[in-house]
Structures are given as structure tokens and as C-alpha cells.
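# The following comprises the amino acid sequence and a computationally predicted model.
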Amino acid sequence: MIVLYIVCVFFSISAFLPAIENPHWFFRTADFVRLQSIVIEVILLGLLLLLGWELSVFEIIVALGLLVSIGYQLQKVFRYSSIYPRKKPSFPSVGKASIFAANILQDNKSFSSFLKEVNKFDADLVLTMESNQEWENKLKSLEKEYPYTVKIPLENYYGMHLYSKKELHNVSTQFQVQDDVPSIFFEFLIDTNNTIFFTCLHPAPPSPTENETSKERDAELMITGKKIRNQNKPTIVCGDMNDVVWSRTTRLFKKMTGMIDPRVGRGFFPTYHAGYWFMRFPLDHLFHTEDLFVKKMERSKYFGSDHFGMYYEIHLKKKAKKASNPKLDNKEKVIIKEIIDETK
């Protein structure tokens, strides 16, 4: 029973570690495993009831700790579940664009499996992350149907390639925070009068094997958020964010940009790790401004990577009003500035 008590106390406390706002990976990990943690906590609560429950003061405190932790975590993740009530997007549309975005895993050799998924979705845009020179060579066949490209082959697991059926405008590749971690910015024409501004990101995650803290990832999201606030046009942010949507940083990003997560009320769509069903987190995202809506989103089949790909069909609302930037309070402004300044 002592071991059970220790495990119960650990899980009760660990759920709140991200609230400390320490950027070290150890404190941020609990954000990633909230779904798994809820399941484990329910099991632990059941074990407490089954194994020698004596209603001692200590056991009651332990049980209450688990209940509080479960409630706290459910409050964070519930709106991203498929049972969360939402209005289905059925707005009049004046044009659309589709994108298939996937972290293909640089070491993955299942090139044909990935191409099969690309052909299945037949999107207007294909975005690959972790694509190196070998992947660029293997994806050469795509250029028959996707003649407009942006290629950044890197051997550090942060290469990025973009393939488009239509001409891209105002294309820019930037290394916003780290010299070897690129981002792609461009405008995509959906009809003769309307364009969508796209931002494609793949910031480095906080982990024992990469960045010790989340400072670089957080800064890239905040820098991108500031750019979006200056856009005043329909905007999409897409890619492997290496963060979960309920984290403090991503919530702040959505607050500063006013962007919408189409995952709300549709399901978690966990994309990583593709090889372990019990350890999957929603790390690949798409956010959009209010003048857009996502009519369809679908997760790909397994194609050899540690990520699944995501397909999105994005529509521009008819007579959509330009949304003003959300107001930020002084505390939020200070936090954003501190996050950006820490990486300079």
C-alpha cells in the first residue's frame, strides 16, 4: 500500500507542475501526458477503493488529491474531445484551400507509403517536416502535380519542404529563433480576389535530448503571434508545434492572435507517437483566423513515421468581417516580451 500511496501522491502533484511556469522539460512534460495521466489517476482511485480502504484521514486526503487532479486536467482537455458541444462549421464559402501536413521522420524510408497518403488526400498544398536531401529526392515525383515548391533540406531533423499545385506569393523562409530551425511564410491565392496567409512552423521541443527548456519553442510561437497581429488578412498557422493545445504557451498564442483551433469539439486527433497507441499526444496543429473555417480535417494512416499526417480543408467565409486583434492585459504583454527576450 505504501507504493500505491506514493504513486497516488506523485500523480496528484505532477498534474500541476506546468503551472509553476518553469520552462524546463521536466515541468512541461505533465502537459503532454494529461490524457494518459487522467486514465492512470482513475485506475489509482479505483485501487484505493479496492485495496484495504479504511477511511483513514490520510487515505481520504490522497483520494481527494486524485479527484482534484482529475477535475483540473479534465477542465483543460474536455473542450478538445469529440463530446464537447460545438456548432458545426457551415458558413457560406467564397473559396477554399487544402493542406496535407506531416512530420515524415527523417530516418523513415517508407517513401511510397507517404506518397500513397499524399495521393489519397490530393490536397492543394503538401507540407513535410524533418525532410532532408534524401526525402527531397524521393519526393521529386510530386513536382509533376505540385510544380511550385519551397525546399529547405536539412540533416538535423528540422528540414522542411512545401509543394503547391498553384503559384505561391510573397514566399519567405525565416529562422526566427534558432539558426537551424526554419519556418515558411507565403500567400496562397484561392480566387482572383482573395488570398490566405500561411505560416508553417516546426519549433524544437523541450526534451532531455534536444532543448533542455521550452524557451526556444515558446519564443517562436510568440514571435509568430506578433507577426499575425500585424497581418490583417485571413491567416493559417500549421505544423508540428511540439506542444499540446491546452498548454500555457499555446493558449497564450491563441489569446494574442484570436485564432481558432478546429480541433475543438471534433476530437483530440493525437498525431504522436504513431507507433504507440497508449502514448499519443496532439502535437500537430492548425490554427485559423475567424474569417476562415475548417470544413474537413482527417488524420492520415500510418506511413512509417513517428507522426501521423493531418489533412485540412480550409474555407474563406463569405462576407467575413476583419476581426480586430484581441486585447492583451499588461501582465500578458510582459509575459510575451519576457518569453521573446529570453532567447535573444
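Cool, got the structure. Residues are numbered from 1 along each chain as shown.

# And the residue lying closest to residue 325 once chain neighbours are set aside, how far from residue 129?
Sequence neighbours aside, residue 229 is the residue nearest to residue 325 in space, at 4.9 Å (criterion: CB to CB, 6 or more residues apart in numbering). To be clear about C-beta, it is placed using only N, CA and C from the backbone, and glycine gets the same treatment. As judged by CB to CB, to the nearest Å, residue 229 and residue 129 stand 25 Å apart.

# Who has more neighbours out of the two?
A count of neighbours by other CB atoms under 10 Å puts residue 129 above the other of residue 229 and residue 129, at 26 against 16.

# returning to that earlier point: quick check, pLDDT for the residue nearest to residue 325.
Reading off the confidence values, residue 229 has pLDDT 89.

# measure it to residue 314 for me?
Taken as CB to CB, the spacing of residue 229 relative to residue 314 amounts to 20 Å.

# for residue 80, same thing?
Residue 80 is 19 Å from residue 314, where distance means CB to CB.

# give me the low-pLDDT residue ranges for the stretch 51-200 of the chain?
The model of the stretch 51-200 of the chain has pLDDT under 70 over residues 52, 87-89.

# repeat that with 80
Within the stretch 51-200 of the chain, the ranges that satisfy pLDDT under 80 run 52-55, 86-90, 192.

# how about the helices in it?
Secondary structure of the stretch 51-200 of the chain (DSSP state H, counting those that start in this stretch): helices at 57-77, 111-121, 133-138.

# ditto for the stretch 201-344 of the chain
If DSSP H, counting those that start in this stretch is used as the criterion, the helices of the stretch 201-344 of the chain fall at 215-229, 248-257, 330-341.

# Out of the ones you listed, flag the one nearest residue 162.
helix 215-229 (16.4 Å; CB to CB).

# Run the chain-centre distance for that closest one.
Once both centres are worked out by CA atoms, centre = their mean, to the nearest Å, helix 215-229 turns out to sit 14 Å from its chain's centre.

# Need the residues that contact that helix.
Contacts made with helix 215-229 from outside it, assessed by CB atoms under 8 Å, 6 or more residues apart in numbering, are listed as 23, 176-178, 181, 183, 185, 199, 201, 203-206, 211, 235, 237, 241-243, 249-250, 252-253, 256-257, 259, 289, 325, 336, 339-340, 342-343.

# Please export the C-alpha coordinates of that helix as CSV.
C-alpha atoms of helix 215-229 as CSV (Å, rounded to 0.1, in the frame of the first residue of the first chain):
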residue,chain,number,x,y,z
LYS,A,215,12.2,28.7,-24.3
GLU,A,216,13.0,28.4,-28.0
ARG,A,217,9.7,26.8,-28.8
ASP,A,218,7.7,29.3,-26.8
ALA,A,219,9.6,32.2,-28.3
GLU,A,220,8.9,31.0,-31.8
LEU,A,221,5.2,30.9,-31.1
MET,A,222,5.2,34.4,-29.5
ILE,A,223,7.2,35.9,-32.4
THR,A,224,4.8,34.3,-34.9
GLY,A,225,1.9,35.6,-32.9
LYS,A,226,3.2,39.2,-33.1
LYS,A,227,3.5,38.9,-36.9
ILE,A,228,0.0,37.6,-37.2
ARG,A,229,-1.3,40.5,-35.2
